[in-house]
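> Compute the structure for the input listed below.
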Amino acid sequence: MMSSTDGLFESMGDLVSWCWEYATEISCQVLIALTAYVGVCVFLYYLMKHVDHRAWQLPGPPARLLLVTAHPDDEVMFFGPMIYWLTQSSQVYLLCMSIGGDMQRKEELWACAKRLGIPEANVTIMMCTELPDNPAVQWPEEIVAETVLHHVESCKIDAVVTFDKHGVSKHKNHISLYFAIASLCIEKKVPTYCKLYTLESVNIFRKYTQLLDLPVSLLTASYWYLITYQHRPYIQNAMKAHESQYVWFRKLYMIFSRYTLLNTLHEVNLLDLELDLQLDDDD
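As a prediction, the model looks like this:
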């Protein structure tokens with residue numbers, strides 16, 4: 001005759017066996033789904049290698065584009081793929097709003113810009129005590145806005161690109177650039193011939209999955225720039241010009257970040273800005 005204890009152990013054994021079978025089945029399904037997703041990513045990558053990208057790049061392309069960054073090395077760490085393509089068809093100007101706390105970084109930026117194909121005459125580095133390199137400091141909006149507007153008007157810039165309101169890494173210096181161009185747009189100070197664009201910030205998982213972010217990016221972005229793995233030495237070599245910053249964790253960043261392979265951009269327009277500000281006020 002079976003005791004109650006034996007029955008309990010038998011029931012627990014059945015439960016453990018069922019849980020194991022269920023977990024095994026779910027694991028197999030997840031593995032199949034992940035394998036299929038990776039396959040889609042690889043397929044899209046090889047497809048995009050043989051497709052003309054111009055339909056998905058900034059319209060024009062812009063004859064004169066102004067890239068506004070916060071620190072030396074931002075241009076290559078975050079905007080490399082876009083610069084690679086635009087230097088082949090446009091005059092690219094670089095406005096860096098700080099020297100990054102060290103005079104050596106000015107020289108490094110000029111060296112990096114040269115490797116990226118940006119003429120030294122097109123590079124401007126601001127040295128302003130009110131614009132410190134500090135992730136906790138939001139820069140004065142009016143100073144940044146006036147500087148950007150001056151460059152737009154003096155160089156007849158027809159497209160400006162900078163960070164979005166999340167600044168990729170939530171660095172307040174980066175975010176300051178977005179609010180500066182947003183203020184120019186809201187106050188209608190931007191010349192009619194000039195368009196404003198921001199680099200899309202993504203969550204940390206997407207940020208470091210590189211090629212695996214390709215399907216999501218292509219489906220959600222207004223404009224995008226993709227380079228191949230054969231072109232990545234162009235980005236790596238330019239980053240090496242920033243010798244003082246090229247430490248181990250930035251080397252890892254350059255290997256794994258999707259920003260070294262893919263840039264996705266969105267146009268800034270008045271309607272979206274007003275809606276965005278309204279939502280922020282509601283929060």
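
> Could you break this protein into its assigned domains?
Split into domains by automatic domain parsing, the chain comes to 1-51, 56-282.

> ranking those domains by mean pLDDT, which is last?
When the domains of the chain are ranked by mean pLDDT, domain 1-51 comes last with a mean of 76.

> quick one on the thing from earlier: what's the most buried one of the domains of the chain?
Neighbour counts (mean count of other Cβ atoms under 10 Å) averaged over each of these peak at domain 56-282, with a mean of 18. For glycine as for every other residue, the C-beta is placed from the backbone atoms N, C-alpha and C.

> quick one: that domain to chain centroid distance?
Mean-position distance between domain 56-282 and its chain equals 8 Å (Cα atoms, centre = their mean, to the nearest Å).

> residues contacting Y225?
Residues in contact with Y225, defined by Cβ atoms under 8 Å, 6 or more residues apart in numbering, are 53, 57, 81-82, 84-86, 262-263, 265.

> That one should be in a helix, yeah?
No: secondary structure of Y225 (DSSP: H, G, I helix; E, B strand; the rest coil): strand, not part of a helix.

> so what's V161 closest to, chain neighbours aside?
Distances taken as Cβ to Cβ, 6 or more residues apart in numbering place Y197 nearest to V161, at 4.8 Å, with adjacent residues excluded.

> how much space between the one you found and L65?
Distance from Y197 to L65, counting by Cβ to Cβ, to the nearest Å: 9 Å.

> Now for these two: what residues contact both?
With Cβ under 8 Å, 6+ apart, Y197 and L65 have common neighbours 58, 159-161.

> The residues you listed: which two are farthest apart?
For these, the maximum inter-member distance is 10.8 Å, found between L58 and V160 (Cβ to Cβ).

> Now L211. Nearest residue, chain neighbours left out?
Here the nearest residue to L211 in space, its sequence neighbours aside, is C41; by Cβ to Cβ, 6+ apart that works out to 5.3 Å.

> what element comes up after the helix or strand that contains that neighbour heading to the C-terminus?
According to DSSP states H and E, C41 maps onto helix 4-49. Where DSSP H and E defines the elements, the next helix or strand beyond helix 4-49 is strand 64-69.

> which residue packs closest to L65, ignoring adjacent ones?
Once flanking residues are discounted, L65 sits nearest to A159: 4.6 Å by Cβ to Cβ, 6+ apart.

> Likewise for A221?
Nearest residue to A221, sequence neighbours excluded (Cβ to Cβ, 6+ apart): T264, at 3.5 Å.

> host element of that neighbour?
Going by DSSP H and E, T264 is in strand 262-267.

> Which strands and helices lie in contact with that strand?
Packing partners of strand 262-267 (3 or more Cβ pairs under 8 Å, 6 or more residues apart in numbering; DSSP states H and E): helix 74-86, strand 195-199, helix 214-220, strand 223-226.

> want to throw the ones you listed into TSV with distance to K207?
Shown next, in TSV, are those (distance: least, Cβ to Cβ, whole Å):
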stretch	distance to K207
helix 74-86	11
strand 195-199	12
helix 214-220	11
strand 223-226	15
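
> I'd like to know which of these is closest to M48.
If you check each of the helices and strands packed on strand 262-267 against M48 by Cβ to Cβ, strand 223-226 wins as the nearest, at 5.5 Å.

> Residues touching the following helix or strand past that closest one, excluding its own?
Following strand 223-226 in sequence order, the next helix or strand is helix 232-240 (DSSP H and E). Residues outside helix 232-240 that contact it (Cβ under 8 Å, 6+ apart) are 73, 76-77, 80-81, 84, 112, 115-116, 227, 246, 250, 254, 260-261.

> any idea how far Y229 lies from T260?
For Y229, the distance to T260 (Cβ to Cβ) stands at 10 Å.

> same check, this time on L212
Distance of L212 to T260, computed by Cβ to Cβ: 14 Å.

> before we move on, back to that, got a list of contacts for the strand holding T264?
Contacts of strand 262-267 with the rest of the structure, by Cβ under 8 Å, 6+ apart, involve 58, 78-82, 161, 164, 195-200, 210, 213-214, 217, 220-227.

> now do stretch 186-199
For stretch 186-199, contacts defined as Cβ under 8 Å, 6+ apart pick out 58, 62, 78-79, 82, 145, 149, 152-153, 156-165, 168, 178, 181, 184-185, 223, 263-268, 270, 273-274.
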